[in-house]
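Novice: quick one: sequence and predicted model below, then my questions.
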Amino acid sequence: MQFLTTVNRFSAKVGMAVCVAGLFAIIAVVGLQVFGRYVLNDSPTWAENLALVLILYVTLIGAAIGVRDAGHLGFDLLLEMIPSGPRRWFQVLIQVLVALFGVAMIYNGWVLGESVAGYKMPNLHLSEAVRYVPLVVSGILIVTFSIEQIISTISGKRAE
């Protein structure tokens, strides 16, 4: 458990740094696009596609970090109505369902990315698969973070 917690802590910190850098990059790209459109009357053609790709990375990785912080959507009202004994097993069930969702993200992100890998994004000259990388990465993070939550719930310890 300690190894998983250490790996997940590092992954969450790196993910948070990527999200913060991504937010700054979005602000810069959109600012450049607005400046180009309204001041120079010549907007860069690549800015919109890059901003959309950055939004995918920030939101999906941020959502995965939310799973580690137990900030995802849950059934809190339902859990509060259940007696404390079975409540723990419902919490495990919820985390298993979240992990299965992460597995679906990994699989489908991989399949979709592989199917469009040969195509290029307009004006960016990057593979369309770049759009699906955050789906796979986020799925992997969600699965590992959910496993940590499941272990901590079963052992009765609070996850970090």
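Specialist: Happy to help now that I have it.
Novice: following the least confident helix or strand in the chain by mean pLDDT, which helix or strand comes up?
Specialist: Of the helices and strands making up the chain, the lowest-confidence element is helix 76-81, at a mean of 73, by mean pLDDT, DSSP states H and E. Later in the chain than helix 76-81, the nearest helix or strand by DSSP states H and E is helix 84-116.
Novice: which strands and helices sit next to that following helix?
Specialist: helix 47-68, helix 76-81, helix 133-155 (3 or more Cβ pairs under 8 Å, 6 or more residues apart in numbering; DSSP states H and E). Heads up, the C-betas are built off the backbone N, CA and C, glycines and all.
Novice: got the buried residues for it?
Specialist: 91-92, 94-95, 98-99, 101-102, 105-106, 109-110, 112-113 (16 or more other Cβ atoms under 10 Å).
Novice: the longest helix in this structure is where?
Specialist: Criterion DSSP state H: the longest helix present in the chain is helix 2-38.
Novice: in CSV: the buried residues of helix 84-116, plus pLDDT.
Specialist: Shown next, in CSV, are the buried residues of helix 84-116 (pLDDT from 0 to 100):
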residue, pLDDT
Gln91, 84
Val92, 87
Ile94, 86
Gln95, 89
Val98, 91
Ala99, 94
Phe101, 95
Gly102, 96
Met105, 96
Ile106, 97
Gly109, 95
Trp110, 96
Leu112, 95
Gly113, 94
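Novice: and the angle from the longest helix of the chain to helix 47-68?
Specialist: Taking axes from the mean of the first three to the mean of the last three Cα atoms, to 10 degrees, one finds that helix 2-38 is oriented at 150 degrees with respect to helix 47-68.
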